[in-house]
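Undergrad: Show me how the following folds:
(2 chains)
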Amino acid sequence: MAMKRAGVSAMRALCSSANFARHAHSTSGSKKIVGVFYKANEYAELNPNFVGCVEKGLGIRDWLESQGHQYVVTDDKEGPDCELEKHIPDLHVLITTPFHPAYVTAERIKKAKNLQLLLTAGIGSDHIDLKAAAEAGLTVAEVTGSNVVSVAEDELMRILILVRNFLPGYHQVISGDWNVAGIAYRAYDLEGKTVGTVGAGRIGKLLLQRLKPFNCNLLYHDRLKMDPELEKQTGAKFEEDLDVMLQKCDIVVVNTPLTEKTRGMFDKERISKMKKGVLIVNNARGAIMDTQAVADACSSGHIGGYSGDVWFPQPAPKDHPWRYMPNQAMTPHISGTTIDAQLRYAAGTKDMLDSYFKGEEFPLQNYIVREGELAPQYR
Amino acid sequence: MAMKRAGVYAIRALCSSAKLTRQVHSTAGSKKIVGVFYKANEYAELNPNFVGTVERGLGIRDWLESQGHQYVVTDDKEGPDCELEKHLSDLHVLITTPFHPAYVTAERIKKAKNLQLLLTAGIGSDHIDLKAAAEAGLTVAEVTGSNVVSVAEDELMRILILVRNFLPGYHQVINGDWNVAGIAHRAYDLEGKTVGTIGAGRIGRLLLQRLKPFNCNLLYHDRIKIDPELENQTGAKFEEDLDAMLPKCDIIVLNTPLTEKTRGLLDKERISKLKKGVLIVNNARGALVDTQAVADACASGHIGGYSGDVWFPQPAPKDHPWRYMPNQAMTPHISGTTIDAQLRYAAGTKDMLDRYFKGEEFPLQNYIVKEGVLAPQYR
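TA: Residues are numbered from 1 along each chain as shown, chains lettered A, B, ... in the order given. Okay, the predicted model is just below:
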């Protein structure tokens, strides 16, 4: 393996583009596949379709082992002595998932001498150092589309939870209280409000379609304008300038991937320019926001409500400020790992493994890093 | 007044229909208007549009008093010594609201010798003994349409909260936990599920329109079929037999008024025939369902989730079983009293008072009891 790698490095030095990737698609012989998922413990047996957990390992163990491959599954991913680290030196394929992300750093990539392929069971591969993966000639792919509907539904749920002021009402119920005014003074209909989505890719578009019957003022910002047919269908208006759009919004939904460009894009300054009392939904990635700036703005009331299922890091530590700030409707990272979504990303992961074993291409939209190049949204 | 009333009864005894009601629409002279609303206390001053409270009294005090009428507003409605009771004997108009309902019993109607008009600021007038009101020749009217969008939005929010298993995730966050599996094992997308609405009146139809982009299997049961155009637009299928529809449903939404026919509609027997793990949303009226049967079914898991903002009675007592049963996502009665809805029902109430003073008719769809006859949905 060391020789092959030296050969690859040498060739790359000679050629201008990395034509010889780590043989992502030429594979004979038994492979070592490692999957990092969340543990289900007592929940594992409650649902036969609960495939996304360590205990079920996407439901592909028998299929892999019957072909002579080795399959190791763990939830232990943090620190130099964790289970994942033990298998890094010889694994060929690493399957990770955003809901319990294994942070695949440049350091870990260096150690992983046999590593050829990084698969994300789900969508969003920012937990991988994509630049390092590209430089090492790795292929990175995710199950594009597998949980886009799931996340869009979840975003609409959170918009309603915030604008209709659901949680204070729920708290009253479980506390034995009844005080309609304590909820109603700042409960609104979604109808007629201005909702802006930052990013109108797959999820953003599905959200806009679901928002349409609510009769809001829909705005979207993206690198590219969407299809005129879809703009017409949803009634959404393109906003070329993000900061101009943000000032108009009663509700802002984040729908971009986490990249070098978007990391920390919602900082103290940008937040301060948004409407007082703005409602923000972020099921995209925690690190797109400045953690403390959001906590401060929720405390002051400048952010009237913040709801999302993404944090940095994940799992979120016990003392993460978003747990305890007022005006929040947070959950752990769950929107894209409903049972329905798990079945889809498990099937998509299996499909890509099958293509990998056979030396075949993946669906083109699944590639995040390929032959030294990052997918457009990550550049 | 006593003579006029005797006269009315005498004439009614002679005529087959009650043509001469308590002269609802001929009014000269100062009237006594009493409004029963919820108290805002410290929340009253937080929002200039917060008109639905005792403190703001729908924002019509100046308008009423400048015309020489008397306006008394209270939240004190229960028991023989309450503030409302003191004013029964001489009030002409009683304004009530479902969010803090004054139960207008036959006994109270008897005491209210001057009473001509009962106005509901909102929709749903089941807190009034409508039969007794009809027999006494009273007019009952509500602000039809004033919060139908509000309630439909709220129902969709609750459908998503239940099917996506939001609350266990929120609980983990505020308890310092992180256990994705504890939520994901029974979190689903709404897409593809069978959703049935019991009742497809104004609110039911608005809900079906908002559900359309979620690509569910939509069913509805009602006395009458909806417009074929709307059926086509929403993709909703008519189910003539309620008990044939219910076992097909993953999710059931109640959208009927509370009448003699619908009281206790979902009893222990009917609940037992629903799918195991069924999700139920009830923003209609608490008494449509059997309180203990729902609590038992949530405890056993036969009902996988129950969410609503209506209870019997209201306010719900501290020990109401729905507060403490598992699988619930309850709030106090808020869906139809968002700020946006309050502004609409305040305006609608003012409009009807204006017509009352001028002896003019109300919009026809607002009548619940008119000239001794109940509106069709209440017969």
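Undergrad: The residue in the stretch 51-200 of chain A that chain B sits nearest to - how many residues pack around it?
TA: Across the stretch 51-200 of chain A, no residue is closer to chain B than A:Gly169, which sits at 3.0 Å (CB to the nearest CB). The C-beta positions use only the backbone N, C-alpha and C, and glycine is treated the same way. Using other CB atoms under 10 Å in any protein chain shown, the number of residues around A:Gly169 comes to 25.
Undergrad: which parts of the stretch 101-250 of chain A sit against chain B?
TA: For the stretch 101-250 of chain A, the residues in contact with chain B (CB under 8 Å from any CB of the partner chain) are A:149-150, A:153-154, A:156-157, A:160-161, A:164-167, A:169-170, A:172-174, A:176, A:178-192, A:209-210, A:212-214.
Undergrad: Write a ChimeraX command that selects only the buried members of those.
TA: ChimeraX command restricting these to the buried ones, with burial defined by 16 or more other CB atoms under 10 Å in any protein chain shown:
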select /A:149,150,153,154,156,157,160,161,164,165,166,167,169,170,172,173,178,179,180,181,182,183,184,185,186,187,188,189,190,191,209,210,212,213,214
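Undergrad: end-to-end on stretch A:94-112?
TA: Terminal residues of stretch A:94-112 lie 10 Å apart, using CA to CA, to the nearest Å.
Undergrad: go on, stretch A:100-120?
TA: OK, stretch A:100-120 end separation, CA to CA: 11 Å.
Undergrad: A:Gly372 reaches A:Ala134, doesn't it?
TA: Yes. A:Gly372 lies in contact with A:Ala134 (CB atoms under 8 Å); the separation is 5.0 Å.
Undergrad: which of these two has more neighbours?
TA: Relative neighbour count places A:Ala134 above the other of A:Gly372 and A:Ala134, with 21 against 17, counting by other CB under 10 Å.
Undergrad: what pLDDT does the more buried one get?
TA: pLDDT, the model's per-residue confidence, is 98 for A:Ala134.
Undergrad: Which strand or helix spans it?
TA: helix A:130-135 (DSSP states H and E).
Undergrad: how close does the residue nearest the centre of chain A get to A:Ile368?
TA: The structure's chain A has its C-alpha centroid closest to A:Gly124; by CA atoms, centre = their mean the separation is 4.0 Å. Plainly put, A:Gly124 is 9 Å away from A:Ile368 if you go by CB to CB, to the nearest Å.
Undergrad: got any residues that touch both of these two?
TA: Residues touching both A:Gly124 and A:Ile368 by CB atoms under 8 Å, 6 or more residues apart in numbering or on different chains: A:Glu142.
Undergrad: where do the helices sit along chain A?
TA: Applying DSSP state H to chain A gives helices spanning A:2-14, A:61-65, A:83-87, A:106-111, A:130-135, A:148-163, A:166-174, A:181-184, A:202-211, A:228-234, A:242-248, A:268-272, A:291-300, A:339-358.
Undergrad: Which elements pack onto the second one?
TA: Yep, that's helix A:61-65 we're talking about. In this structure, helix A:61-65 makes packing contacts with strand A:70-74, judged by 3 or more CB pairs under 8 Å, 6 or more residues apart in numbering or on different chains; DSSP states H and E.
Undergrad: residue ranges with poor pLDDT in chain A?
TA: Low-confidence segments of chain A, defined by pLDDT under 70: A:1-27.
Undergrad: could you redo the last one with a cut-off of 90?
TA: Along chain A, the parts satisfying pLDDT under 90 run over A:1-29, A:377-379.
Undergrad: so A:Ile60 makes contact with A:Thr349?
TA: Yes. Using CB under 8 Å, A:Ile60 is in contact with A:Thr349, at 7.3 Å.
Undergrad: what's A:Asn41 in contact with, if anything?
TA: Here A:Asn41 is in contact with B:Ala181 (CB under 8 Å, 6+ apart).
Undergrad: Ok, the one 3 residues further on next?
TA: Residues near A:Ala44 by CB under 8 Å, 6+ apart: A:50, A:53, A:55-56, B:181, B:185.
Undergrad: quick one: which of the residues you listed is nearest B:Ala316?
TA: B:His185 (30.5 Å; CB to CB).
Undergrad: I'd guessed the closest one sits against A:Phe50; true?
TA: Yes. With contact defined as CB under 8 Å, B:His185 reaches A:Phe50; the gap is 5.1 Å.
Undergrad: Give the residues shared as contacts by these two.
TA: Common neighbours of B:His185 and A:Phe50 (CB under 8 Å, 6+ apart) are A:40, A:43-44, A:339.
Undergrad: Which ChimeraX command selects the buried ones in the residues you listed?
TA: This is how ChimeraX selects the buried members of these, with burial counted by 16+ other CB under 10 Å:
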select /A:40,43,339
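Undergrad: circling back to that earlier point, more crowded one of A:Ile60 and A:Thr349?
TA: A:Thr349 (27 against 22).
Undergrad: residue contacts, that one?
TA: A:Thr349 makes contacts with A:58, A:60, A:95, A:119, A:121, A:143, as judged by CB under 8 Å, 6+ apart.
Undergrad: Tell me the one of these nearest A:Glu239?
TA: Closest to A:Glu239, out of all of the contacts of A:Thr349 and judged by CB to CB, is A:Val143, at 30.1 Å.
Undergrad: Quick one: residues contacting the closest one.
TA: Per CB under 8 Å, 6+ apart, neighbours of A:Val143: A:119-123, A:344-345, A:348-349, A:352, A:366.
Undergrad: Please apply the same query to A:Thr262.
TA: Shown in contact with A:Thr262 (CB under 8 Å, 6+ apart): A:256, A:285, A:288.
Undergrad: Mind doing that once more with 7 Å?
TA: A:256, A:288 (CB atoms under 7 Å, 6 or more residues apart in numbering or on different chains).
Undergrad: From A:Ala132, how far out is it?
TA: Counting by CB to CB - A:Thr262 and A:Ala132 are separated by 19 Å.
Undergrad: what do you get for A:Lys193?
TA: Distance of A:Lys193 to A:Ala132, computed by CB to CB: 43 Å.
Undergrad: can you check A:Ala375 too?
TA: Applying CB to CB, the value for A:Ala375 to A:Ala132 is 16 Å.
Undergrad: re earlier: the residue nearest to the centre of chain A contacts A:Pro98, correct?
TA: Yes. Judged on CB atoms under 7 Å, A:Gly124 makes contact with A:Pro98 at a distance of 4.8 Å.
Undergrad: Could you find the closest non-adjacent residue to the residue in the stretch 251-379 of chain A positioned nearest to chain B?
TA: Going by CB to the nearest CB, chain B is nearest to A:Thr331 of the stretch 251-379 of chain A, at 3.0 Å. Using CB to CB, 6 or more residues apart in numbering or on different chains and skipping residues adjacent in sequence, the residue nearest A:Thr331 is B:Gly169, 3.0 Å away.
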